[in-house]
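Asks: Kindly return the folded structure for what I paste below:
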Amino acid sequence: MTAAPPARGRRRAPTRIERAAGRAAALHRPRVLLALLLLLALTCVMLLDGYLRAEVGDDQRVRTGASSSEVPDEVLDGGPILSFPGGRAETTSVPDKTIVLTFDDGPDPTWTPKVMEVLEEYDVPGTFFVVGSMVSRHPDIVKDLVDRGNEIGVHTFTHVDLSYQSSARVTREMEQTQLALAGAAGITTTLFRAPYSSEPDAVDNYSWQVYQQLGEDGYTSVFIDTDSEDWKEPGVAKIVEGATPEDGEGASVLFHDSGGDRTQTVEALAEYIENMQAEGYAFTTVSGAMAEQQQQQQPAGADGSGADGPAAGAPSGTGSRLQASHRTATGTTLYEGKALVAAVTVAEWTVPALSAGLVIVGVAVMGRFGLMLVLARRHHRQRNRRRFGWGPPVTRPVSVIVPAYNEKECIENTLRSLAGSTHPIEIIVVDDGSTDGTAELAEALGLPDVRVIRQENAGKPAALNNGIRSARHDIVVMMDGDTVFEPDTVGRLVQPFADPSVGAVAGNAKVGNRSTLIGAWQHIEYVMGFNLDRRMYDLLRCMPTIPGAIGAFRREAVLQVGGMSEDTLAEDTDITIALHREGWRVVYEEHARAWTEAPRSLRQLWSQRYRWSYGTMQALWKHRGSLTDKGPSGRFGRVGMPLVVLFQIVTPVFAPLIDVFTVYSMVFVDFRAALLAWLAVLAVQLVCAAYAFRLDREKYRYLLMMPLQQFAYRQMMYLVLIHSCVTALTGGRLRWQKLKRTGEVGMPSAGTGG
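Replies: Numbering: from 1, shown residues only. So this is what the prediction gives:
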């Protein structure tokens, strides 16, 4: 009886495996997004820090010699305070015998507090024209300035000449500074002084447009009458002389509380205040000067007070009420300002920490390259000496275990390559519940010494353990179902077992499908990143991973550690570390070569490396006890584990930031220096890769793709690792992911590798 067809229009219910895969995919996407957002956030932090330090969007141009034909004469010849009541330009002079002390370019963590101390000592207020980027970096100083009764004005956010900027940039410079002030001191201000400005008669046609725009927005622009020129550091006497007005005239006087060594400024300021007070001068703020001038222009008693009474809004020494130019920040402005200050605080801590970390990482990476070259050369010379040998030749038969799940495209090539082995072997194919006829195909080949064992789908570790239990010989070779061996591979792979201390041997896995761009990139990675590493780890006796594509084990050693563990997704790393901890030696046999099919698409590559990275982290965490163990276990914990953590997790996680810093430096700092540094690192990598290719007798032509690999392939590997770290930190679980195979890797032709 045949089963009735499903009713038309009804959908098949998803299986348990399909539902689990759907849940895994649903969890996978947010973690990928979180990894990308993390990298984006760090990039934004660096850009913010660069913007604060005027390294991003900086414009060093300063306009000189422009015409002032469009500027009204009453402005050019007027006082230093320019406002636009009712849209009409109006200037105000500082009253006679009155000084308005103004300070530009702060706040500075060193000099602004010293200036404040002098002002407080003489009970004198000041007007500080602050740079927004400095405000956001030093908010406490600005709050202290306001609390002590000083007046605040805007000096743009990045200290650029606004006459070169667009109207939108002018607005942005002002708004960002106002937000910084709101976040720092809870105020905004109506005062403005343009960077690189001086006396009113220096206003030109270009800057006049800026003053008009800001006047329409309600700003009062402030110029100077006398310039101390303290930024030139001419000496205290010269500074005092330059700041002193003539013949009892009032003056808006310019000093600086930032921008360099202000030692002379601080000393001159005290002397200047004493001199001016001795001559009968009073000190006020810009708002105070404006209020006093208005009062003098009104008839006595018109405002309800005598002509000699205090000017409205004029401060009476420090500690006065809110300045007339200040507005209390509220609502969105206040919260956005606090958010800006908080973001800057994060950037101020993060970027220096990252910079220091990247220096350490850079030194560590370069040190690793040097160590790899030295130890790889030593390993090659030692293992290729004529007299070198592990002991009596190993000629006894071994068992080769081939775990297979839906490997119909590859299994024939794999088994036929094993059938050509020059070393006596038995072949055990463990079919892990394949649904594509893999087991039937393996049996139909009719190859000698091949046994096919079927089991319900339970995963690769379970398949390997089944094969180990069924093996007839004391040495077992494990390989993947998509891998092919050369005729002498098994014979070479098992020779180290002549040494009774050797518990496992790692072979030389090679990319067979290297004709594609992705395959070529992986080929470079296998030869340089994996095999060069294995030579180093071999001599240090702390090899972390025997590749699943080709590895040999003493059967008793595997059983001693409990077989292949299903605790992690990197069972090859797990078993290798477990063997180290039990005192077995793990070595690398470079001449035992296996050809494996690497992922053909970026999606498959991501899936594979994600599992590798996450599984490695699981294995390291599982064996974290080796850090405090004694004996062989402690040796791996104190030597191997730090090396793996440092060079397979920490430095790759930092690597994208190195690239971001490189691009950042090329665009915004010093293109030539950054490019040379990047080329120097690439040259070191090329040297290491070339040496690795020489040891493996590979064709050098693939190295032509290495620069491009740095831009594309390497970045993907970094993101995979970051994704794995996010998964580990969030406690996520990852299922085994089967890659789609094509079976294109067959027996290598003569001369393929060299």
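
Asks: Spatially nearest residue to Ala712 (excluding sequence neighbours)?
Replies: Closest residue to Ala712 apart from its sequence neighbours, by CB to CB, 6 or more residues apart in numbering: Trp521 at 7.9 Å. Placement of C-beta: from N, CA and C, glycine included.

Asks: per-residue confidence at the one you found?
Replies: Looking at Trp521, its pLDDT reads 87.

Asks: Is there a neighbour count for it? I'd like the number.
Replies: Neighbour count for Trp521, taken as other CB atoms under 10 Å: 24.

Asks: That one: helix or strand, and which one exactly?
Replies: Element membership for Trp521, per DSSP states H and E: helix 517-524.

Asks: Check which helices and strands that helix sits against.
Replies: Counting contacts by 3 or more CB pairs under 8 Å, 6 or more residues apart in numbering; DSSP states H and E, helix 517-524 is packed against strand 502-511, helix 602-622, helix 706-711.

Asks: mind listing what's buried in the longest one?
Replies: Spelled out, that is helix 602-622. Within helix 602-622, the residues scored as buried using 16 or more other CB atoms under 10 Å are 604-620, 622.

Asks: wait, isn't the residue nearest to Ala712 in contact with Phe711?
Replies: No: counting by CB atoms under 8 Å, Trp521 stays clear of Phe711, with 10.9 Å between them.

Asks: what sits against Gln455?
Replies: 430-433, 462-463, 466 (CB atoms under 8 Å, 6 or more residues apart in numbering).

Asks: got those as JSON lines, with distance to Leu676 columns?
Replies: JSON lines is the format used below for these (distance: CB to CB, whole Å):
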{"residue": "Val430", "distance to Leu676": "54"}
{"residue": "Asp431", "distance to Leu676": "56"}
{"residue": "Asp432", "distance to Leu676": "53"}
{"residue": "Gly433", "distance to Leu676": "56"}
{"residue": "Ala462", "distance to Leu676": "53"}
{"residue": "Ala463", "distance to Leu676": "52"}
{"residue": "Asn466", "distance to Leu676": "56"}
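
Asks: mind listing what the lengthiest strand in the chain pairs with, with the direction of each?
Replies: The strand spanning the most residues in the chain, taking DSSP state E as the definition, is strand 585-596. Looking at strand 585-596 with DSSP bridges, its partner strands are strand 483-485 (antiparallel), strand 502-511 (parallel).

Asks: tell me the mean pLDDT over it?
Replies: Rounded mean pLDDT across strand 585-596 is 94.

Asks: Distance from that strand to the middle of the chain?
Replies: 35 Å (CA atoms, centre = their mean, to the nearest Å).

Asks: now that strand and helix 517-524, what's the angle there?
Replies: Interaxial angle, strand 585-596 versus helix 517-524 (axes from the mean of the first three to the mean of the last three CA atoms, to 10 degrees): 160 degrees.

Asks: Identify the residues contacting the following helix or strand past the helix holding Trp521?
Replies: Sequence-wise, the next helix or strand downstream of helix 517-524 (DSSP H and E) is helix 532-540. Residues from elsewhere that reach helix 532-540 (CB under 8 Å, 6+ apart): 371-372, 375-376, 378-380, 382, 506, 543-544, 586-588, 590, 639-640, 643, 688, 691-692, 695.

Asks: Just the buried subset of these, please.
Replies: Buried by 16+ other CB under 10 Å: 372, 375-376, 379-380, 506, 543-544, 586-588, 590, 639-640, 643, 688, 691-692, 695, out of the contacts of helix 532-540.
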